[in-house]
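# After the sequence you'll find the predicted model.
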Amino acid sequence: MPELPDPILIAIPGFIALIIAEMIYARATGRAEFEPHDTAASLMMGLGNTVSGALLGFISVAWFFFVERFAILDIGYAWWAFALAFVLDDLVYYWWHRFSHTVRWWWADHVIHHSSQHYNLSTALRQPWLSPLTLKFVVFGSWLVLIGFPPAMIAFVGALNLVYQFWIHTEVIGRMPGWFEAVMNTPSHHRVHHATNPRYLDRNFAGVFIVWDRLFGTFEPERDDEPCRYGIIKNLGTWNPLKICLHEWVGIIRDVRGAKSLKEAAGYFFGPPGWSPDGSRESSQTIKQRWAARQAEPDRADDETAPAAAE
């Protein structure tokens, strides 16, 4: 087994340099927004993610090497295997990412990345601390190992995926050439993903290849007439890293303690974010449905007045 480098550790100096460059550019041109406390919180979340990965990463590593014993094939480390693993890993990432927006258990982990109301390169580093404890690697990470890709290869291409995603967290870059926008994830596509506008909610889940969203019906283009509003539906109003990390977990515990049945408790854990037994809370689906209904009202009014106008 070859010793593969960690692309993220190699890229960290570049991340910091680019964040500083973007801050200087933003100050000179006003084409991006930085809030010092928010940026510091994002950097602290990134640091905490690195520390937790070092402390808890053994959990997923042990699981992958256990699963490897049941692999169907023995693919090895050929160059084509790296390329294929990179593409398939991004497909797995798409589905993990999509479920992380529709299952509250995983959203409690992923919401941290969305909690900033600003969108700049420092936002890319706003990462969770407890990911291994959500067991997402069991549900989504096992498939490629079972096929026969070596765990070290999967870790390597997964890290490359995350390195790629760093540069798409910016407002400085507008749209890329059309052919690139058609295939790859870009700042324009990912701004949509981070937006809370009803039109943009739960769209563009891809990591590297936007073709997955186009294929599975979750693609939404950025519109010039509707600027993105960033954050989450109920913004936190704090820069405290511990609150950023734990706020949704605390909400789940509070809701489960008040549940009246096992079914309700399961709903709070595994239902979509915003789920409640009586449907009184807002979820992405209800927000989008209400927005779609408002969008349809002028059309209905036009339809009603059309016969009178014809007469």
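Happy to help now that I have it. None of the values given here were measured: they were computed from a predicted structure.

# For the rest of this, base every contact and every neighbour count on C-alpha atoms.
OK.

# hang on, isn't residue 92 packed against residue 140?
Yes - the pair residue 92 / residue 140 is scored as a contact, 6.4 Å apart, by C-alpha atoms under 8 Å.

# quick one, which of those two is more surrounded?
In this view residue 92 and residue 140 are compared by other C-alpha atoms under 10 Å, and residue 92 has more residues nearby, 19 against 15.

# need the helices for the stretch 51-200 of the chain, in chain order.
Under the criterion DSSP state H, counting those that start in this stretch, the stretch 51-200 of the chain contains helices at 79-100, 104-114, 136-140, 142-147, 151-166, 178-183, 187-194.

# which residues touch the longest one?
Put plainly, it is helix 79-100. 75, 106-107, 110, 136, 140-141, 144, 149, 153-154, 157-158, 161, 202, 205-209, 212 (C-alpha atoms under 8 Å, 6 or more residues apart in numbering).

# Could you pull out the buried residues of that helix?
82, 85-94, 96-100 (16 or more other C-alpha atoms under 10 Å).

# quick one, which of the helices of the stretch 51-200 of the chain is nearest to residue 46?
Minimum separation from residue 46 across these (C-alpha to C-alpha) falls at helix 104-114, 9.8 Å.

# What's the mean pLDDT across that closest one?
Mean pLDDT, helix 104-114: 97.

# next one: stretch 188-208
For stretch 188-208, the per-residue pLDDT averages 97.

# With stretch 283-299 instead?
Per-residue pLDDT over stretch 283-299 has a mean of 86.

# Point to the residue nearest the middle of the protein.
Nearest to the geometric centre of the chain sits residue 97, at 5.5 Å (C-alpha atoms, centre = their mean).

# Give me the pLDDT for that residue.
pLDDT for residue 97: 98.

# can you check residue 35 too?
90.

# Need the nearest residue in space to it, chain neighbours excluded.
residue 118 (7.7 Å; C-alpha to C-alpha, 6 or more residues apart in numbering).

# Quick one: residues contacting that neighbour.
Per C-alpha under 8 Å, 6+ apart, neighbours of residue 118: 33, 34, 35, 38, 230, 231.

# Check residue 125 too.
42, 43, 45, 46, 113, 166.

# mind checking the end-to-end distance for stretch 131-148?
24 Å (C-alpha to C-alpha, to the nearest Å).

# Any regions of the stretch 151-300 of the chain where pLDDT drops low?
Applying pLDDT under 70 to the stretch 151-300 of the chain flags the ranges 298-300.

# For this protein, just list every one of the strands.
Counting by DSSP state E, the chain forms no strands at all.

# per-domain residue ranges of it.
What the TED database lists as the domains of the chain is 7-216, 244-293.

# Quick one, which of the helices of the stretch 51-200 of the chain gets closest to residue 63.
Closest among the helices of the stretch 51-200 of the chain, using C-alpha to C-alpha: helix 136-140, at 7.5 Å.

# pLDDT (mean, whole number) over that closest one?
For helix 136-140, the per-residue pLDDT averages 92.

# in it, what's buried?
Applying 16+ other C-alpha under 10 Å to helix 136-140 flags 136, 137 as buried.

# Residues touching that helix, excluding its own?
Under C-alpha under 8 Å, 6+ apart, the answer for helix 136-140 is 60, 63, 92, 93, 95, 96, 106.

# Any chance of these in CSV with distance to residue 131 as columns?
Formatted as CSV, the contacts of helix 136-140 follow (distance: C-alpha to C-alpha, whole Å):
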residue, distance to residue 131
60, 10
63, 14
92, 16
93, 14
95, 16
96, 12
106, 9
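
# quick check, nearest of those to residue 22?
For those, the nearest to residue 22 is residue 93 (27.4 Å; C-alpha to C-alpha).

# Can you give me the pLDDT of that closest one?
Reported pLDDT for residue 93: 97.

# Residue 7 versus residue 163, what's the distance?
7 Å.

# try residue 64
19 Å.

# Between these two, point out the one with more neighbours.
The neighbour comparison of residue 64 against residue 7 (other C-alpha under 10 Å) goes to residue 64, with 23 against 17.
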